[in-house]
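[1] sequence plus predicted model, see below.
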Amino acid sequence: MPELPEVQSVVDELAARLPGRTFTGGSDLLWAPVVGHPDPEGFGERLEGRTVSGVRRRAKYIIIDLDDGQVLVVHLRMTGRLHFAAPDEAADRHLRARLSLDDATELRFADMRKFGRLYLGPVAEIEAVTALGALGPEPLEPAFTASLLGARLAGKRGPIKSALLDQSVVSGLGNIYADEALFRAGIAPRRAAGSLTEAELSALRDGIVATLSEAVERGGTSFRNYLSVAGRRGSNMPNLRVFRRDGESCLRCGTVLARTVVGGRGTHWCPGCQQ
DNA sequence: CGATTCCCCTGATAGC
DNA sequence: TGCTATCAGGGGAATC
């Protein structure tokens, strides 16, 4: 489940290789609905001849800038994976799209669960058809302070866990890092989002930043599916304190860790030290 | 408008 | 052992 750190790893590897490359004809959609925008029929034609000028990340979106001002945006969702391959390399059964490049390779998008999407067009168009236009602040940028977090959460009555997963509140967190950040901050996942004290907001801001930046350093977390562009697993899993550790004892206070459902999502936490 | 529920998918896992 | 039911979960749409 790629969240900010996993997407960052993918972006870093794409950025080392894709700029300067030109998409050529012969791109192939093995499963047309993988294209979320525009209509799949026009996709290959619109991409052909475009040269990559840069690769960057916004929230969990991979943004590939093209020389004509358009962007090719990729969202991996749950099981999407990008990798480079030779055109004659055998395709695995989950391959959804092959995008031909001018160096006799192709950028492949595979996705077992079929949730991931490719989008192509001017930024404004993509912002209109995805959440890209309504995203909350990037948590690893300096502007992400406790007071900004407090302002984004103000007045919210729903659980803090749900608010952290809402990409319009803060962008980039998913289920793993939301649980981990709440544990580090000592805040129970069902606390009303707008009820946090200043000290708690500060601890949560710090917990989010530490959790994400450590995971970025370790190349992300590979729970089961995630692989980087180069096919590497992230090494952050041993760094997880609560996620999928229910039944084990808390590293901080020894209480048996619990699992519950908050906002329809599996939630892992310590009833002993998260208040 | 905010909060909640449902839905999309298919491999892994649990239960019998 | 083998089959079937359930689960997981990002984010968008529909609903309350």
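    Ah, there it is.

[2] what's the pLDDT at the residue of the stretch 51-200 of chain A found nearest DNA strand C?
    For the stretch 51-200 of chain A, the residue closest to DNA strand C is residue A:131, as judged by CB to the nearest atom of the strand, at 2.8 Å. C-betas here are computed from N, CA, C, even on glycine. Looking at residue A:131, its pLDDT stands at 87.

[3] next one: phi and psi at it?
    phi -80, psi 0 (degrees, to the nearest 10).

[4] that one reaches residue A:172, doesn't it?
    No - Residue A:131 is beyond contact range of residue A:172, at 11.9 Å (criterion: CB atoms under 8 Å).

[5] shared neighbours of those two, anything?
    Both residue A:131 and residue A:172 are in contact with residue A:59, where contact means CB atoms under 8 Å, 6 or more residues apart in numbering.

[6] and the two? Which one has more around it.
    Between residue A:131 and residue A:172, counted using other CB atoms under 10 Å, residue A:172 has the larger neighbour count: 24 against 16.

[7] now do the SS call for the more buried one.
    coil (DSSP: H, G, I helix; E, B strand; the rest coil).

[8] give me the nearest residue to it, chain neighbours excluded.
    What sits nearest to residue A:172 in space, not counting adjacent residues and going by CB to CB, 6 or more residues apart in numbering, is residue A:4, at 3.3 Å.

[9] what distance do you get for that neighbour to residue A:154?
    23 Å (CB to CB, to the nearest Å).

[10] between these two, tell me which one has more neighbours.
    residue A:4 (26 against 10).

[11] so who does the more buried one touch?
    A:57, A:59-60, A:139-140, A:171-174, A:177, A:212, A:215-216.

[12] I'd assumed residue A:211 was in a helix, is it?
    Yes - using three-state DSSP, the assignment for residue A:211 is a helix.
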